Structures are given as structure tokens and as C-alpha cells.
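Q: Mind folding the following:
(chains A and B)
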Amino acid sequence: MSNPIGKESALGSTIAICSLILIVHCAGRVAAVCHPYKIDSFTYSVAAYKLWHAGATAADLVADKPPGQAVLTGWCYWIAPGQPTRLTLVPIESAFLIGAYAAFFLVARRLHGPRSAGVLTFFFVLAQSVYNALDFTTDGYNLNENYLALPMLTAVLAYLTIRHATCRGLAVGVLVGVALLIKQSASGLVLAILVSELVISLQRKQIANCLVFSGMLAAGTVIAFAPVTLYLRSKGWLGLHVDTLFFQTASHALIPPWTLPRWYNIAPLMPAFWVVALGIAHLRRTTIELPSDDNVETAEIGNVRRDVFIFLSLWLVIELAILAAMRKPASHYYQQIVAPVVLLSGFGLAAFRNGLSRLDVATRATVWRWSCVTTVVLIMHAAMPLFSAASSRIGTMDYDVEVREFAARVAAPMPPIRIERDRGDE
Amino acid sequence: MTKSQLVTTAFVTGILAAVGALASAYDVERGVDVSVWAARSCAALGAIVFVLFSDESPGGESIGRRPRLLSALLVALLFPYGAESVAHSIGSDMVIFATVVAFALARRRGAPPLAGVVVVGWCAAGLFLLFCRAGGGLAGVHRDLTILLPLLLLGAAGFAKARSEKIESNKSSSYMLSWTAIALACLCLLIMGLPLDVRLCVLPVLWWVPLGVAELGAITIGSQRKYPPLRAVGILSTVVVGCLLYPSVLRWLDGPLIAVYFLAG
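A: Numbering: from 1, shown residues only, chains lettered A, B, ... in the order given. Now for the predicted structure:
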């Protein structure tokens, strides 16, 4: 028989978490859209507009990025009413982000259960919003990372959910192919998936499965690439764009001297780190039940959790390596590490909850109280700059200026980044 | 805590707050604005006395000398800097001082009737400041709250303890609980970016800071340290408080430097 009080409580928690997520998302979008710099948002929205209108040339593609984002978003200019501006893309960007939140929730629910998944999703949304809205090198609106999260997290979900190697490889391949079409930095996830699949296959002595999976992943990626590649080839832009893309990608990355990240780039992930610390603190008190041969189901669950842990750790290490290689100290690059960090923190949350359940009532109440208060304070510490930026920037938005500036940029010649490349050729 | 100890503590921590307030009242072009410095120091002193008044936990047991001393020290270090969004205004300092005086009077006369006046007056002052400052000074609000976060953490923990134990030893406890609840609700407005005065919001939460400090001490190094998970959480929370304190302590060090600069002529 179902418990109506429990159901009500679950419904209340769900509504509360969803409301918080929505509030943070809206604050993040306001802060990003009204950001004073307006660099990348114009670059990508103008490229998308030109690609979907007559008279586009190879020079209208963004030189250092694949054309996936322009293909996915440019159609909005056909159906949106009014003058074209970069604001036309607000709904589709939000749709991609909310889709990413949902995908993250599904991944977290699969790994850590529904109750932890809600909290982890809130951490994910908060960190994503803070990183892209409070970047001081560019504006966080219409960035590649905002579109990248959905296909990447859906690929992770497919990788963790589908059992059959062929189907899994194909699905993951198509999804990471879409992600790679948006930004080449999705290659970190591809590498993590391939390496973890290899490691797990070697442990289980199932190399054939790994080969099938890798082959199907490659096939899926080719399927995702095919339409855009054929389109570019039919226009005669493919060779030039691929050449420019590789040159620009190489010039973006180098191995700079290693430095500690700035505090404002750590603060958005502090709630997740706090949960990890709590988990570690309670791990000593928790008896880890190792799977025994007698209990096959428990052994299977234990193996799956271990495999997932290996995969997420690999993903995080690779993303950190990519982040360290970035030449520009941009906060939005950190968006790529949010998902693995927060998903890994779920293990800390599980250890904490497990440890908590073994304490007596009075001790549990005290631990719970201090943990909650500190978590809330750390969340406030991360969220306040975001809300402050949103409230101070919202008054600067002027629709007429947006229309004029967009028209001017559409009429303007190619961005300087390509001129430098051409000069280099000469 | 004896009366002389109370007075000595208030005096010493008051001096620390006044020295720290020099950095808060310093302007590159105009130097130290004496009226702002005096108002800021008065407000900080009021907050220190307010914290030192907090001598009883809801359970009825008396809070020790050390937690109250430590709380007063924290207030002296942090309170003068929670005013970036009202950098050249002394209105909110006066409101804080008046609130603390009204509270002291209310406590001397046995709380509830006057206590209601304090709460209503406090809310009215908050709303007044909200409407006065709407449209300006937004950027400093979140910075002010960030500075005061350690106090908020300790105060909220003490408040949560008082709430969870549901024991009211005297009339003022229940009234302090409701006042703090109003303050915590107002904090939501602050987080949303509304220009309320941050110190005014945090003021009622300060009442519970000694209780929070006492409990943190008990679970970290005191009577409850024998429970490892509890102690671990205590140590971790202490580390978080320390990290949050770091920028304010650095800022406080500017105060003595300014004082030395002016004393040296």
C-alpha cells in the first residue's frame, strides 16, 4: 500500500527542486544575455543566421568551430517573428539547456537514485549557470558549451543504459558525433568512453565486445557527420573549412605553466566538493559490502558501480587535461568538468547517507543540521554573484540596439580571425 | 560571565571593530570619513553587545564565556565590512544601533510587549532602506553578504539547533526565533539581488552565533568529540568558516595600516 504522506513529501521536494532549478536557470540566462561584452553570442548567432540564408559563403562559417551549432540553431530565424537579433535564439538555447538538465537528472538517477539525483541536478544547474554567466572573457549566452551539454549527457546516458554493445556503440556514436559537430572539445568524452570501455573489457576479458562497440561508435559518428559534411562538400566549403578548423584548434591549445585555478572558478563547484568531503568523512564509519560469489545480483551491481566510477574518473581527468591546455583563462571552459565532478560527488552523497543511517538519532540530527547549513551557505556563496549580475544587468537590455547591432554585424565582412589565417598563408 | 568580563570583552572587541572600520570608512580621494567611521564603529559595537547578551541557549543551559568571546571577536572582524553597498551612508548604521538599544530595553523590561515593537520597527526600517536604495548600490549587496557568510553559517546552525530542540526557557527565546525566521526570509530577497541592508538582515541571526559556536566547539574539541562522524563534520565546517573568513581578515589588516599611517602624520 502506498504511503500518501511519503508521496506528498516527494511531490513537495520535486516541486521545490524544480522551482530552484528554474529560478537559477532564469537568473543565469538573464545574466548571460545581458552581459556587457556580447562577443561570442553575436559571432555564433550571425553565423547561424547567414548559414540559413541565401548568399552564404565559406567565410560565414565560424573559423575555429565546426558548423553544428549554426545548423542546429539557424532555422529559428525562419520561423521567429520580428526583426532578426541574437535574442531570437533564447528559446532554443534554453531548450537545449533544460534538455541537458533532464539528461543529467536521468544519468544521476540511474547512478545514485531519485533523491540524490534532484540535489545533484541542482548543483549541476548552478555551476553551469555561474560558469557561463560570470565569464569575464566573453558573454555566456549562445556559447557552444550550452548546446554541447545535451548530446554529451545523452551519450553518457546511452552508454550507461544500453546493454547490447552494437546498439550502445551506434547510439553513443551518433550522439557524440552531434556533440563533435558543435565543438571539438567533446572529444574528451569520446576518449573517456573508449578508454574506459577498453579497461573494462580487458578486466572482463571481453575484447570482442570492445571492438564491436568501438566500430559501431565510429559508424555512428560517421552517420552524424554525414549530412553536414555532404552539405559543405556540395557548397565547396569542406576542404577550406576543415583546413582552417585544424589550424585554429591547434593554435587555441598549448601546455601553459600549471597554476592553481582562481577562487571564483572553484566556488561554483564547492557544494559538490563539500558533499565529497562529507562522504569521505563518513566512509570510515561505513562498512563497504563487497559483492560475494553467493550473491550474484549484488556482485553485478557492485561491478557496475565500479565501472561507472572508472568511467567518470577517466572523463574528469581527460577534461581537466583539456582545461589545463587552454590558453585563455575563461570560466566557461569549466562547464565541461561540471558533469563528471557532480556525478562523482554523488558517490560521496551516497557514502554520507549510508554513514548517517548508522548513527543514533541525536548524533544524526546534529550531523544533518551542520551538513545542511554548510551546504546552503556554500550554495549561497556560489549563487549570489549570479543573482547580483542578473539584477544589475537586466536594466541594460535595449531591443532596438540589439536589432541595429545585429543588422550591422550581418552586413559586416568576415571576422579578423580568418584574415590572420589568410595572411599566414600568404 | 561576570559584568566586568562583559564590559572588558565589549571594550576590547569594540576597539578591534573600530580599527577595522577605518578600512571601511577610507576613501582614496577624501581619506577617512570620520562620521562614517564613527557610525560604523557604533553599529559594530551595538552588534557586539547584542551578541554578548546572548547568554542562554533555548535548552536553558548557559552558554560559556569562550563561545561568546569568540562570537564577539568574529562580529568585530566582519561586521564593519558588511556595508559596501551603503559605503557613504550612515542611515543603516543608525538603524542598527537603534535596533540594538531597543532590544536591550525590551530585554530589561521582560521582553514580549516591547519585543514586538522591535520586530515591527526592524521590518519597517528594512523596508524603508529597501525603497530608499531601490535602483542603486546593487553590486555591493552580494559582496556584503559574502563577507558576513561565516556569521550567517554559525548563526543559522545555532538557530537550527534552537528550532530542533523546541525548548523555550524564557519568553525572549520564542520571540528571537520568530525574529530570526523573518531575517532568514529577508535573506532570500537579498540573494535575489534586492538592495536590502545586509547587516540589518543578519542582525537577528547574530543572536544564535554563540550557540552555533558553542555547538561547533563541542562537536570538534569538546564533550561530543568522541563520535568520529560528528567530529569530522565539525572539523569540515570549521574549515569552511575559516575559508570564508580569510578575505575579511585580510581586509581587517588594512585597518591597523591606515591607523598607523594617520598616527604617523
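Q: Quick one, grab the pLDDT at the residue of the stretch 301-426 of chain A found nearest chain B.
A: Closest residue of the stretch 301-426 of chain A to chain B, CB to the nearest CB: A:Ser391 (2.9 Å). For glycine as for every other residue, the C-beta is placed from the backbone atoms N, C-alpha and C. As predicted, A:Ser391 sits at a pLDDT of 82.
Q: thinking in terms of the whole chain, how far from its middle is the helix or strand that contains it?
A: Here A:Ser391 sits within helix A:361-393, counting by DSSP states H and E. Averaged C-alpha coordinates place helix A:361-393 at 23 Å from its chain's average position (CA atoms, centre = their mean, to the nearest Å).
Q: Kindly report the same for stretch B:16-34.
A: For stretch B:16-34, the distance to the chain centre is 19 Å (CA atoms, centre = their mean).
Q: Please spell out the segments of chain A that come in under the pLDDT threshold.
A: Residue ranges of chain A with pLDDT under 70: A:1-6, A:250-257, A:284-302, A:413-426.
Q: okay, which residue is most central for it?
A: Chain A has A:Ala149 as the residue nearest its centroid, 3.4 Å off, counting by CA atoms, centre = their mean.
Q: List the contacts of it.
A: Applying CB atoms under 8 Å, 6 or more residues apart in numbering or on different chains to A:Ala149 gives the contacts A:Phe96, A:Leu97, A:Ala100, A:Ala103, A:Phe104, A:Gln128, A:Gln335, A:Ala339.
Q: orientation of the top helix by length along chain B relative to helix A:361-393 in degrees?
A: Longest helix in chain B by number of residues (criterion: DSSP state H): helix B:228-263. In terms of direction (axes from the mean of the first three to the mean of the last three CA atoms, to 10 degrees), helix B:228-263 departs from helix A:361-393 by 40 degrees.
Q: Identify each buried residue in helix B:228-263, please.
A: B:229-237, B:240-241, B:244-245, B:248, B:251-252, B:254-255, B:258-259 (16 or more other CB atoms under 10 Å in any protein chain shown).
Q: before we move on, what about stretch A:264-282?
A: Result for stretch A:264-282 [16+ other CB under 10 Å]: buried residues A:265, A:267-272, A:274-279, A:281-282.
Q: From B:Leu16, how far off is the nearest residue to A:Ala133 once chain neighbours are set aside?
A: The shortest distance from A:Ala133 to any non-neighbouring residue, by CB to CB, 6 or more residues apart in numbering or on different chains, is to A:Ala31 (3.8 Å). Counting by CB to CB, to the nearest Å, the gap from A:Ala31 to B:Leu16 is 37 Å.
Q: Burial check on A:Ala208, number of neighbours?
A: For A:Ala208, the neighbour count with other CB atoms under 10 Å in any protein chain shown is 10.
Q: what do you get for the one 5 residues further on?
A: Other residues near A:Phe213 come to 26 when the count uses other CB under 10 Å.
Q: Need the nearest residue in space to it, chain neighbours excluded.
A: Closest to A:Phe213 by CB to CB, 6+ apart is A:Gly169, at 4.1 Å.
Q: and the one you found, what does it touch?
A: A:Gly169 touches A:Val212, A:Phe213, A:Ser214, A:Gly215, A:Met216, A:Leu217, A:Ala219, A:Gly220, counting by CB under 8 Å, 6+ apart.
Q: can I assume the last one is in contact with A:Leu180?
A: Meaning A:Gly220. No - the pair A:Gly220 / A:Leu180 is not scored as a contact, 11.1 Å apart, by CB atoms under 8 Å.
Q: Go ahead and confirm B:Phe262 touches B:Val32.
A: Yes - B:Phe262 lies in contact with B:Val32 (CB under 8 Å); the separation is 6.9 Å.
Q: My reading is that A:Tyr141 lies in a helix. Confirm?
A: No - under DSSP: H, G, I helix; E, B strand; the rest coil, A:Tyr141 falls outside any helix and is assigned coil.
Q: Of the buried residues of helix B:228-263, which are in range of chain A?
A: Among the buried residues of helix B:228-263, the residues within reach of chain A (CB under 8 Å from any CB of the partner chain) are B:Pro229, B:Leu230, B:Ala232, B:Val233, B:Gly234, B:Leu236, B:Ser237, B:Val240, B:Leu244.
Q: Pull up the residues of chain B that are close to chain A.
A: Counting by CB under 8 Å from any CB, chain B sits next to chain A at B:138-139, B:141-142, B:145-146, B:149, B:152-153, B:156-157, B:160-161, B:164, B:191-194, B:215-216, B:219, B:224, B:227-230, B:232-234, B:236-237, B:240, B:244.
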